[in-house]
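Participant: Build me a model:
(2 chains)
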Number of protein chains: 2
Amino acid sequence: MPLDLTTILAAHTRIRSHIHRTPVLTSASLDAANGGTLFFKCENFQKVGAFKARGATNAVFLLTPAEAAHGVATHSSGNHAAALARAARLRGIPAYIVMPSNSAKSKIRNVEAYGGRITFCEPTQQAREAACAKVIAETGAAMIHPFTDERVMAGQGTAVLELLEDAPALDLILCPVGGGGLLAGTAIAAKGVRPSIQVIAVEPSGAGDAAQSFQAGHIVPLDHAATIADGLRTTVGAPNFAIMQRHVDGVITVSEDSIVAAMRRIWETLKIVVEPSGAVPYAALLEKKLDVTGRRVGLILTGGNVDLDALPWVLK
Amino acid sequence: MPLDLTTILAAHTRIRSHIHRTPVLTSASLDAANGGTLFFKCENFQKVGAFKARGATNAVFLLTPAEAAHGVATHSSGNHAAALARAARLRGIPAYIVMPSNSAKSKIRNVEAYGGRITFCEPTQQAREAACAKVIAETGAAMIHPFTDERVMAGQGTAVLELLEDAPALDLILCPVGGGGLLAGTAIAAKGVRPSIQVIAVEPSGAGDAAQSFQAGHIVPLDHAATIADGLRTTVGAPNFAIMQRHVDGVITVSEDSIVAAMRRIWETLKIVVEPSGAVPYAALLEKKLDVTGRRVGLILTGGNVDLDALPWVLK
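Facilitator: Alright, predicted model coming up:
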């Protein structure tokens, strides 16, 4: 099935009753600070606390009965893990989850709460894939990859559909990029609905593979991720990169200090809890990396699962 | 002007264009934990970060030109201060604000941001009143008391009007009580709209004057407030107490540990930033101080102005 506006619209119909329609927040003081009109799509209020509920639910409900019979499996640093566990429970099948050993405690608790069966592994891409292959060999579960799976990308693209309904005539979307699942769905959905819209990806410079890859014209693998944004510590996937090359207008990198400052600014001003990965798009505005004067800008706040015992401005 | 449903409805019409219509949030997991259906009125998303924007705006816009000529004055631990400064700026008059020296930094910054002229005083009721009287003698400003002023109470009562529109047929409202401005407006508005509704006040046991007064049948002044809930460190006002005796069904006190646990639970589950005073109603549910099984319960989350450097679970 191709990833296009039609499959994303179908995904929205399929998952709508299982997810929240999250609000879009605005702030007069953040608009004044930036000179544009900002619309924050609050996926921190989504089921499981992150947009990942969308893609996982779409993928699980697209499985045939035969495919679903032995459950589903994945590897994930957290939010996709909880999302898949929840979607599997909704469908009544088991979920086998491989998680890196350095995953945030709150994210591990989330997976457990939804009944996911966790296997821990070393925090490398290779270890994750190896552990997941082993689990699948043992159980016969269907793999639901966190970002290269087109069913997942289609689900993630439903967030921007809602954003464009609630905040019409946007000029620009700022979207975080880690593996590129949200970015792929967002770019295709946004440009499908509104061809003139600009889609800019934002990532931590400490995990700057997407920017390097975009510039090089081929994937430059991340050999070491040094960022607080735990959702963005992965190399962009091959199908995601191909979509990015066709549909994304640019990639901006931001510093760790900016991410922490953006996160704090959002907490203090919007009075909401967002995780570091979700603050990455606003960090691009803090760094004045693009001019939004007079423009209508959508920012996707991807999630709100944070260890409240380990807030970055307290640790410093 | 009497404080009744009519004056509260008029207040709503008067202030509507100057305030946010704040959302009402629900949570399947908090409902499951409590056995009832909970509706959180999110006044942390209100202008100035607290419900106080309602009362201050109503009071300032009710002043005659002669009354408004020399500005307004008040004493406040913070949220009313910012709210009055903002309302005065909207009307184009000065605001003179007396703040206790131990006010939260974020609240002091808020007042400054709205152009309020601050005088600091010792953190006692007497020192606040004396400093405020001095400012008024010097400037001729009109006093807008943070909670005994009926115009303020009427404004605060508009929050529950919106809550009852968005969450009809509530059985019970849980409302924090400090000076009793919100409580007075809430009780009169809620019982005016829905006579069968129960209104329960909640306060920290470390500032338990309202509960003691309610039981004694006369005001028992607070001689020492020992609570993290900085918005609730005042003795209930005389007119507020009179309204409480007629319209409030009970007062519950909660421990400091429960307030911190409730605050954290709200941050983690609802993904929103609420200040300790705003978490006090949910603390009553954590302590199982009342049975909400099968009931529809409204909780007023009064504000979200918190020093993010001094979170209580980090300090412990």
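Participant: Show me what residue of the stretch 151-300 of chain A gets nearest to chain B.
Facilitator: The stretch 151-300 of chain A approaches chain B most closely through A:Lys271 (3.7 Å), counting by C-beta to the nearest C-beta. The way it works is simple: take the backbone N, C-alpha and C, and place the C-beta from them, glycine included.
Participant: Also the stretch 101-250 of chain A?
Facilitator: Nearest to chain B, among the residues of the stretch 101-250 of chain A, is A:Ser106, at 7.3 Å (C-beta to the nearest C-beta).
Participant: can you give me phi and psi for the residue of the stretch 151-300 of chain A closest to chain B?
Facilitator: phi 60, psi 40 (degrees, to the nearest 10).
Participant: out of everything not next to it in sequence, what's closest to it?
Facilitator: B:Gly304 (3.7 Å; C-beta to C-beta, 6 or more residues apart in numbering or on different chains).
Participant: contacting residues around the one you found?
Facilitator: Each residue near B:Gly304 by C-beta atoms under 8 Å, 6 or more residues apart in numbering or on different chains is listed here: A:271, B:44-45, B:49-50, B:272-275, B:278.
Participant: cutoff 10 Å now
Facilitator: B:Gly304 makes contacts with A:267-272, B:42-46, B:48-50, B:79, B:106, B:272-275, B:278, as judged by C-beta atoms under 10 Å, 6 or more residues apart in numbering or on different chains.
Participant: Please report phi then psi for the residue nearest to A:Thr253 when sequence neighbours are not counted.
Facilitator: Spatial nearest neighbour of A:Thr253, excluding adjacent residues (C-beta to C-beta, 6+ apart): A:Ser205 at 4.0 Å. Main-chain torsions, A:Ser205, degrees, to the nearest 10: phi -60, psi -20.
Participant: right, and the residue of the stretch 101-250 of chain A closest to chain B touches A:Ala50 too?
Facilitator: No: using C-beta atoms under 10 Å as the test, A:Ser106 is too far from A:Ala50 to be in contact (11.1 Å).
Participant: Looking at these two, which one has more neighbours?
Facilitator: Set A:Ser106 next to A:Ala50 and count neighbours by other C-beta atoms under 10 Å in any protein chain shown: A:Ala50 wins out with 30 against 19.
Participant: Each with direction, which strands does the helix or strand where A:Val202 lies pair with?
Facilitator: Assigned by DSSP states H and E, A:Val202 belongs to strand A:198-204. Applying DSSP bridges, strand A:198-204 is found paired with strand A:172-176 (parallel), strand A:250-254 (parallel).
Participant: I'd like the next helix or strand past it.
Facilitator: Later in the chain than strand A:198-204, the nearest helix or strand by DSSP H and E is helix A:209-216.
Participant: Just the buried positions in that following helix, please.
Facilitator: By neighbour count on 16 or more other C-beta atoms under 10 Å in any protein chain shown, the buried set for helix A:209-216 is A:209-214.
Participant: possible to save those as CSV with distance to chain B and pLDDT?
Facilitator: Listed next are the buried residues of helix A:209-216 as CSV, based on distance: C-beta to the nearest C-beta, whole Å; pLDDT from 0 to 100:
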residue, distance to chain B, pLDDT
A:Asp209, 29, 95
A:Ala210, 26, 96
A:Ala211, 29, 96
A:Gln212, 33, 97
A:Ser213, 32, 97
A:Phe214, 31, 97
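Participant: in what helix or strand does the residue most central in space within chain A lie?
Facilitator: For chain A, the residue nearest the mean C-alpha position is A:Leu182 (4.8 Å; C-alpha atoms, centre = their mean). Using DSSP H and E, A:Leu182 falls within helix A:181-193.
Participant: what touches both of A:Ser106 and A:Ala50?
Facilitator: Common contact partners of A:Ser106 and A:Ala50 (C-beta under 10 Å, 6+ apart): A:78, A:82, A:275, A:304-305.
Participant: and those residues, which are buried?
Facilitator: Buried subset of the shared contacts of A:Ser106 and A:Ala50 (neighbour count, 16+ other C-beta under 10 Å): A:78, A:82, A:275, A:304-305.
Participant: Next up, the contacts around the residue nearest to the centre of chain A.
Facilitator: A:43, A:50-52, A:54-55, A:147, A:152-153, A:155-157, A:159-160, A:175-176, A:201, A:231, A:240, A:277, A:300, A:302.
Participant: Could you pick out the residues of the stretch 51-200 of chain A near chain B for me?
Facilitator: A:106, A:109, A:113 (C-beta under 10 Å from any C-beta of the partner chain).
Participant: ok, then the element right after the host helix or strand of the second one?
Facilitator: It stands for A:Arg109. Under the criterion of DSSP H and E, A:Arg109 resides in helix A:105-113. Downstream of helix A:105-113, the first helix or strand assigned by DSSP H and E is strand A:117-121.
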